[in-house]
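J.: for reference, the sequence and a predicted model appear below.
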Amino acid sequence: MARNISFTIRYWKQNGPKDKGHFDTHEMKNIPDDTSFLEMLDILNEELIEEGKEPFVFDHDCREGICGMCSLYINGTPHGKTATGATTCQLYMRRFNDGDIITVEPWRSAAFPVIKDCMVDRSAFDKIIQAGGYTSVRTGQPQDANAILIPKQDADEAMDCATCIGCGACVAACKNGSAMLFISSKVSQLALLPQGKPEAARRVKAMVARMDELGFGNCTNTRACEAVCPKNETIANIARMNREFLKAKAKD
Amino acid sequence: MWLTNSSIGRKVVMSVTGLALILFLTFHACMNVVALFSAEAYNAICAFLGANWYAVVATAALAALVALHFIFAIILTLQNRKARGGSNYAVSTKVVAGKVEWASKNMFVLGIIVCLGLLLHLYNFWYNMMFAELAGVEGPLSPTDGYAFIVQTFSCPVYAGLYIVWLVALWFHLSHGMWSAFQTLGASGKTWLPRVKAISIVWSTVVILMFIVVVVYFALGFGCECSAACGDGCAQAAACGSAC
Amino acid sequence: MTKLNSRIPEGPVSEKWTNYKAHQKLVNPKNKLKLDVIVVGTGLAGASAAASLGEMGFNVLNFCIQDSPRRAHSIAAQGGINAAKNYQNDGDSVYRLFYDTVKGGDYRAREANVYRLAEVSNNIIDQCVAQGVPFAREYGGMLANRSFGGAQVSRTFYAKGQTGQQLLLGAYSALSRMVEAGKVKLFTRYEMEDVVIIDGRARGIIARNLVSGKLERFTANAVVIATGGYGNTYFLSTNAMGCNCSAAVACYRKGAMFANPSYVQIHPTCIPVHGDKQSKLTLMSESLRNDGRIWVPKKLEDAKALQAGTKQGWDIPEEDRDYYLERRYPAFGNLVPRDVASRAAKERCDKGYGVNNTGLAVFLDFSESIQRLGIDEIRQRYGNLFDMYEEITDVNPGEFVQSVNGIDYYKPMMIFPAIHYTMGGIWVDYELQTTIPGLFAIGECNFSDHGANRLGASALMQGLADGYFVLPYTIQNYLSDQAVWPKVSTDLPEFAEAEKSVDAEIDRLMGIQGKRSVDSIHKELGHIMWEHVGMGRTKKGLEEGIKLLKALRKEFNENLFVPGKKEGLNTELDKAIHLRDFITMGELVATDALHREESCGGHFREEHQTEEGEAKRDDENFFYVGCWEYQGDDEKAPVLHKEPLEYEAIKVQTRNYKN
């Protein structure tokens, strides 16, 4: 049975990337605990609008944990503390208690400038993929899908890597603002599949170079990224990418 | 040059220099342990590594490794701070703290402690031994009598304490640094990460324990009775002890 | 009055597409470089079209409202994608996929389009595998398949429960490649507000930069909209929060006809509504029906006890369970098409057999398959869905409870139907061109391929078919003579006028300064739609609904409150614009539903059912596509046009999933 909880929410307000930003607080009363975190923020916004204040801005879309749009840093953890390591939208209020103070912050990283409040610009991720996160096949008539046999184990592992939703929690949690988990997931997916092999060397070099250009930090293997990844990507991907990168450089 | 201008390249420099230094430490620890058994043997090694050309070259190479490791650490740290952006989280990561090793987040601070310890160590030993021999500086002890230096230094409780703090910091540094180096070099993966990690922790623990055992052994004064050959040394040690 | 010409090529249905491609006009490579195409939307259809057009050499301007093309809601599709590969050797063929799709659509789809869809379905799988989409495989390295509702073969390709994600990321990667090559220019956090028509042809769009709030003009030789469906009209749906129909409605207002708006798909396996603060409904993939069995209690007193919370699902013994789908439809069992499964659930709940506290839920139970296959195998198949269910409801559907008389009882899921997909959409001809020359509509936002009901795993197929394999061809037939025309300038008065009217409309919304938030009005809209234009529709209910919708528009126009300014980012303003169009759309859905005096697929009129409660079609009077033409004002009733359906290959008959 659902219970109702009351708590204080401290949410980040920031008007654009240059603004200093500050916290506002709001008392939330009698929120049913089967409400999702984002639904709770909807209620917050309804109340703010009623008070004639500007609503709190945050990114969200599918609300089923797959689009990767939601990006809130809740009580010191990207996406809050969810049981199965899901995204913010899959966080339910039953994980909180009466009287809690809930602090909501944006992803903080130089490569993700704040647009407004907790909405950040993650286009850097797109630029990394654009550098080489694909196989160069033209639309048309490739060979029959079953002409390439891929062992189930490889396909499954590639699938695990491909599950990354590009939310940026890894960068947000990393003390170095490094995007290695994100890019290694893509590099790994394509490195594990025969389709990705022809361009493997070019891809990893281009993607790493783009990542560096965009001002992401260097990986120091703290593993904060994998601890917060909602899709359970692991640093084994990073090791694989490092290997791919060194292999590629050795050939140069 | 990709070793300097790509993030993975810079990490490779850290890894390779780090692993080389771990090899050196391993050798150094083995050498130290010899002092527990025989002052003569230990001094023989000291003599071998004295002011000979190969030892000097090796020392220079070692210095270069440390310098590279240190310089890249500074570059990486500065870059990482910049990448992090100006603002810090108001609430620090609670969940993450459980899964992220403390050492991994404090490698730079640990590194600085290690460096300070290194300076002390160079002053205590290298300056009085290899440097003294090279420069012909006269000291109260013979530059080739390494055993005497050990006895002298560690009989002083302050030094012994400082060395132990240093070694503990070094352990933390290695506990993360060693497997991290393998990870950076790509010698890791889903199955191998736990193995590499276990090997690294055991390795660094053994190495550091070897160092600490020697420090403790001499700090407790065991070094005096076992070495009849070093009557002078013990006197010196006593003198030093009172000087502290 | 615009005449509807479906431009279906000559010849037998199986040769139409081949003939079309052989005879259509093409654009020569040099000229392609001179031609610009606007693609609005970056979902499966939009991204694949933008990428393919870019590869061909066209200059593409691609827009999306999210921060990245990869967020489009195609990403949330779980179950899979159909193709007539017949890898399982179970008798599948292009014809069978075509037939199943037409039958699943309750004989309201356009035959030629569906055949083409089935034909290119195999190419899609090849294309995606080449891109590195990690489809599920068998131990031998071959692609794996599973079965889906409405089919007796296993033709669904899947990547865990995240097939949409993997396909979209495939299309996104192709798109990214073209962005890097400079052939596609990406505009993220932009929303199309209007289409600009010059001399009767679509020549550009007015888009709003959602961050700066500024209106911008874009010109091109053709405009393609791939902006998805209008499911969010119902407020609660499985659509993403940002999904909206504003771009489609803008085209509709500019004269593009809107076809079959009443065909709305209600998905049978969603997590039931829990409270009035709820913002969206979460889908549990239809693939769960492969191994899950749907049931309610046989005895009414058991249902009462479940509703009161004094009994739990596992307390009801096997013999007291009514597996009503297996009972009513022995041939297809739990795998009947979505509309049938949804209505059957509603029928049980209406009779009082619902199993949660609101009485609006049925069980989806895995006990039998867990006993048969083991929990590990079931988790391998549906693990992520089980986790998702547990996160939302706090119940783990794989958890063992008790063993009684040798039967193991596990905790069942609760599910209930919810708005999921809209088969209706902008009317397009065989070339996917709307009634406005130069304006194309692809993916969910057109009406063409699913008839009155879409089969599972067909949406992904259609989006990618349109984007990769159909539009890039057919658009050339239109563009072939365009290269000789000078580029249209955005300084033309038509652009200025379009921009001015969008701006004036935004000022109007900002200026209402009433008392009600956008969401509160949207929720009310949702209630009206679900109550009166939902799963079971009646003449009386629809008329009442239309009345309420008109009143709601008045309320919106007089009592809306949008805080902030129009300059800069204003999410409430974005939502207000969407809501304005949802209200228009809602009325259109109700109008179409009211006019269609029959039951077919997703459109169920309670007056028109058989004695067993099955949908009763009226092929004599309603064997056509209902197309609505805007009359210049939201207040004026739209005018109906009919595109008669002509079936050559398939004999139209009553759908039968019983035997």
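T.: Thanks, I have it.
J.: residue 49 sits in which helix or strand?
T.: Using chain A here. In this assignment (DSSP states H and E), residue A:49 forms part of helix A:37-50.
J.: other chain: chain C
T.: With DSSP H and E as the criterion, the answer for residue C:49 is helix C:44-56.
J.: quick one: that helix near chain A?
T.: Yes: under the criterion of Cβ under 8 Å from any Cβ of the partner chain, chain A is reached by helix C:44-56 at C:48, C:51-52, C:55. For every residue, glycine as well, the C-beta is placed using N, CA and C.
J.: low-confidence ranges, the stretch 51-200 of chain A, go.
T.: A:82-84 (pLDDT under 70).
J.: and it, which of its residues are near chain B?
T.: Residues of the stretch 51-200 of chain A lying near chain B (Cβ under 8 Å from any Cβ): A:73, A:75-77, A:81, A:103, A:105, A:108-112, A:173, A:175-178, A:180.
J.: chain C too?
T.: So chain C never meets chain B (Cβ under 8 Å from any Cβ).
J.: any stretches of chain C with poor pLDDT?
T.: C:1-2, C:659.
J.: same deal with chain B?
T.: In chain B, residues with pLDDT under 70: B:93-98, B:224-244.
J.: could you pull out the helices for it?
T.: B:2-5, B:7-37, B:39-48, B:53-84, B:95-99, B:102-105, B:107-121, B:132-135, B:146-154, B:157-184, B:192-219, B:222-226, B:231-243 (DSSP state H).
J.: and chain A, is the fourth one touching that?
T.: Yes: looking at helix B:53-84 against chain A by Cβ under 8 Å from any Cβ, the contacts come from B:76, B:79-80, B:82-84.
J.: what does the domain assignment say about chain A?
T.: Residue ranges for the domains of chain A, per automatic domain parsing: A:4-115, A:123-251.
J.: contacts only, for residue A:73.
T.: Residue A:73 makes contacts with A:104-108, A:118, A:172, B:89, as judged by Cβ atoms under 8 Å, 6 or more residues apart in numbering or on different chains.
J.: among these, which lie within helices?
T.: residue A:172.
J.: let's have the contacts of residue A:73 in CSV, adding distance to chain C.
T.: Listed next are the contacts of residue A:73 as CSV, based on distance: Cβ to the nearest Cβ, whole Å:
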residue, distance to chain C
A:104, 16
A:105, 18
A:106, 13
A:107, 12
A:108, 17
A:118, 12
A:172, 15
B:89, 21
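J.: would you turn the contacts of residue A:73 into JSON lines with neighbour count?
T.: As requested, the contacts of residue A:73 are arranged in JSON lines below (neighbours: other Cβ atoms under 10 Å in any protein chain shown):
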{"residue": "A:104", "neighbour count": "24"}
{"residue": "A:105", "neighbour count": "25"}
{"residue": "A:106", "neighbour count": "27"}
{"residue": "A:107", "neighbour count": "28"}
{"residue": "A:108", "neighbour count": "21"}
{"residue": "A:118", "neighbour count": "25"}
{"residue": "A:172", "neighbour count": "26"}
{"residue": "B:89", "neighbour count": "18"}
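J.: and of the contacts of residue A:73, the nearest to residue C:398?
T.: Checking the contacts of residue A:73 against residue C:398 with Cβ to Cβ, the nearest one is residue A:172 at 31.8 Å.
J.: could you measure from the closest residue to residue C:38 other than its chain neighbours over to residue C:490?
T.: Leaving aside its chain neighbours, residue C:38 sits nearest to residue C:220 (4.2 Å; criterion: Cβ to Cβ, 6 or more residues apart in numbering or on different chains). Relative to residue C:490, residue C:220 is positioned 10 Å away (criterion: Cβ to Cβ, to the nearest Å).
J.: what about these two, which has more around it?
T.: Just comparing residue C:220 and residue C:490: by other Cβ atoms under 10 Å in any protein chain shown the higher neighbour count belongs to residue C:220, 24 against 17.
J.: picking that back up, tell me what the helix holding residue C:49 is packed against?
T.: strand C:36-40, strand C:59-64, helix C:163-180, strand C:184-188, helix C:459-464, helix C:471-479 (3 or more Cβ pairs under 8 Å, 6 or more residues apart in numbering or on different chains; DSSP states H and E).
J.: and the residues of the stretch 51-200 of chain A next to chain B, which of them are buried?
T.: A:73, A:75-77, A:103, A:105, A:108-112, A:173, A:175-178, A:180 (16 or more other Cβ atoms under 10 Å in any protein chain shown).
J.: what about those residues, which are in helices?
T.: A:173, A:180.
J.: tell me the domain boundaries of chain C?
T.: C:268-418, C:504-616.
J.: closest to residue C:135 out of the ones you listed?
T.: Nearest of these (Cβ to Cβ): domain C:268-418, 13.8 Å.
J.: centre of the chain to the closest one, how far?
T.: 24 Å (Cα atoms, centre = their mean, to the nearest Å).
J.: contact partners for the residue nearest in space to the middle of chain C?
T.: Nearest to the mean C-alpha position of chain C, by Cα atoms, centre = their mean, lies residue C:421 at 3.2 Å. Residues in contact with residue C:421 (Cβ under 8 Å, 6+ apart) are C:229, C:231, C:264-265, C:267, C:444, C:454, C:459.
J.: please enumerate the strands of the stretch 51-200 of chain C.
T.: C:59-64, C:81-82, C:156-157, C:184-188, C:190-198 (DSSP state E, counting those that start in this stretch).
J.: no further questions, thank you.
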